[in-house]
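>>> Return a 3D structure for these sequence lines:
(one chain, ligands or ions: 1)
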Amino acid sequence: MRVTTTIDGRRVRLRPATLADRRMIHDWSYASDVAPLLHLSDAPTRPLDDWCDDWETHYFTDDEPERGRMFLVLDGEMPVGAIAYNDIDERRRVELDIWLNAEANCGRGLGTDAIEALIGYLEAELGVQTFMMQPSARNPRAVRAYEKVGFAQVPATPEEIAEDWGGVDHEDSVLMIREAWLAR
Ligand SMILES: CC(C)(COP(=O)(O)OP(=O)(O)OC[C@H]1O[C@@H](n2cnc3c(N)ncnc32)[C@H](O)[C@@H]1OP(=O)(O)O)[C@@H](O)C(=O)NCCC(=O)NCCS
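Numbers count the residues shown, from 1 in each chain. Got it, this is the predicted structure:
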């Protein structure tokens, strides 16, 4: 089995998340001051068991690296957020998700560093070629942050995003793509 190791960014480190981290990460999603930005288009609360139906066991183990993995973002030894890649498709494309755990940690370059670190890992270790993120248009900081790390906005309707990527998060999702070969 491939063992996922800690990934070094320039400022943060990404530590593979474990099953024991699930409650903390869930609580950041629903009970932190950034939570409203994560639920612009779905329910503002969700029990842990229900959340785990989407964030399945493989995100927290090394069992199925092609299906997705979650990492804690560490600033020094302090967990400041979570970042995940989802299932890698046959064209070596993958969707990323990220949420820092507090407003106080946003706007400091930690999230963008985490994204760059995860992309470098996925390119080098798993041969991923194309990265996708889909922030809401109501989250301009996320759109700007993803542009900073080489994502470009691609015009697409929600139906087109769902068709091409297997799901759409918001009625105003902004399709953002970073191609490995273009970003070099
Ligand atoms: C989105 C997120 C991961 C970005 O990471 P980050 O470390 O905060 O990003 P950075 O600090 O590197 O960059 C943020 C950029 O947005 C800009 N920004 C902040 N507020 C903004 C706004 N309202 N409109 C446009 N740009 C904005 C900042 O000025 C900065 O750009 P600059 O460096 O050119 O000045 C992080 O803010 C986060 O987790 N937010 C809360 C949860 C969330 O929104 N998750 C994403 C769901 S898709």
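>>> does any part of stretch 134-147 sit near the ligand?
Yes: among the residues of stretch 134-147, Pro135, Asn139, Pro140, Arg141, Ala142, Arg144, Ala145 lie within reach of the ligand under CB under 6 Å from any ligand atom. C-betas here are computed from N, CA, C, even on glycine.
>>> got the contact list for the second one?
Residues near Asn139 by CB atoms under 8 Å, 6 or more residues apart in numbering: Leu37, Leu40.
>>> tell me which residues of the helix or strand hosting Ala82 are tucked away?
Taking DSSP states H and E as the definition, Ala82 sits inside strand 78-85. Within strand 78-85, the residues scored as buried using 16 or more other CB atoms under 10 Å are Pro79, Val80, Gly81, Ala82, Ile83, Ala84, Tyr85.
>>> Within reach of the ligand, which of the residues you listed are there?
Gly81.
>>> and the buried residues of strand 78-85 as JSON lines, adding pLDDT?
Output for the buried residues of strand 78-85, formatted as JSON lines (pLDDT from 0 to 100):
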{"residue": "Pro79", "pLDDT": "98"}
{"residue": "Val80", "pLDDT": "98"}
{"residue": "Gly81", "pLDDT": "98"}
{"residue": "Ala82", "pLDDT": "98"}
{"residue": "Ile83", "pLDDT": "98"}
{"residue": "Ala84", "pLDDT": "98"}
{"residue": "Tyr85", "pLDDT": "98"}
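>>> and of the buried residues of strand 78-85, the nearest to the ligand?
Closest to the ligand out of the buried residues of strand 78-85 is Gly81 (5.9 Å), distances taken as CB to the nearest ligand atom.
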